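Visitor: sequence below, structure please.
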Amino acid sequence: MRVRPNIVKNWILHNNNAPVHALLSVAHFLTSSCIMVMPQPPYSPDLIPCDFFLFQKVKLAVKGHHFESTEGTQRAVTQALNDILQVVFQ
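Guide: Numbers count the residues shown, from 1 in each chain. Here you go, the predicted model:
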């Protein structure tokens, strides 16, 4: 409320489906505080393609490698991303 007073009355909380967000105590607090919650649909390849397509390809490319530095990890991930053909993204 201090940071963004202009949106105090017209915002909606977007929770994910994490178990801690689904607790009855959390739902009770949100309801008693008159906080509107936008429901999160279940996981779906259509809704989050990076989780089912992109991240899997990167994980497989770097799996089993030990990197000595953050920079080495970044180079390997960047190379794995660059190796994915544009046609595959489409």
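Visitor: need the per-residue pLDDT for Thr78.
Guide: On the pLDDT scale, Thr78 is placed at 94.
Visitor: what helix or strand is it located in?
Guide: Taking DSSP states H and E as the criterion, Thr78 maps to helix 70-83.
Visitor: which positions within that helix qualify as buried?
Guide: Residues Ala80 are the ones in helix 70-83 that count as buried (16 or more other C-beta atoms under 10 Å). Any C-beta I mention is one placed from the backbone N, CA and C, and that applies to glycine too.
Visitor: how far does that helix sit from the chain's center?
Guide: A distance of 20 Å separates the centroid of the chain from that of helix 70-83, by C-alpha atoms, centre = their mean, to the nearest Å.
Visitor: the chain should start at 58 in everything you say after this.
Guide: I'll keep to 58 as the first residue from here, and by that count the last item is helix 127-140.
Visitor: which residues are contacting that helix?
Guide: The contact list for helix 127-140 (C-beta atoms under 8 Å, 6 or more residues apart in numbering) reads Leu111, Lys114, Val115, Ala118, Val119, His122, Phe124.
Visitor: and Cys107, that's in a helix?
Guide: Yes: according to DSSP: H, G, I helix; E, B strand; the rest coil, Cys107 belongs to a helix.
Visitor: burial count for it?
Guide: A total of 9 residues lie near Cys107 under the criterion other C-beta atoms under 10 Å.
Visitor: how about this protein, which residue sits the furthest from its center?
Guide: The C-alpha centroid of the chain is most remote from Ser89, which lies 27.6 Å away (C-alpha atoms, centre = their mean).
Visitor: distance of that residue from Phe110?
Guide: 40 Å (C-beta to C-beta, to the nearest Å).
Visitor: tell me which stretches of this structure form strands.
Guide: 70-71, 94-95 (DSSP state E).
Visitor: least reliable of these going by mean pLDDT?
Guide: With a mean of 76, strand 70-71 has the lowest mean pLDDT of those.
Visitor: residues making contact with it?
Guide: Counting by C-beta under 8 Å, 6+ apart, Leu87, Ile92, Met93, Val94, Met95, Gln97 sit against strand 70-71.
Visitor: same thing but 10 Å
Guide: With contact meaning C-beta atoms under 10 Å, 6 or more residues apart in numbering, strand 70-71 is reached by His78, Leu87, Ser90, Ile92, Met93, Val94, Met95, Pro96, Gln97.
Visitor: this completes my enquiry, with thanks.
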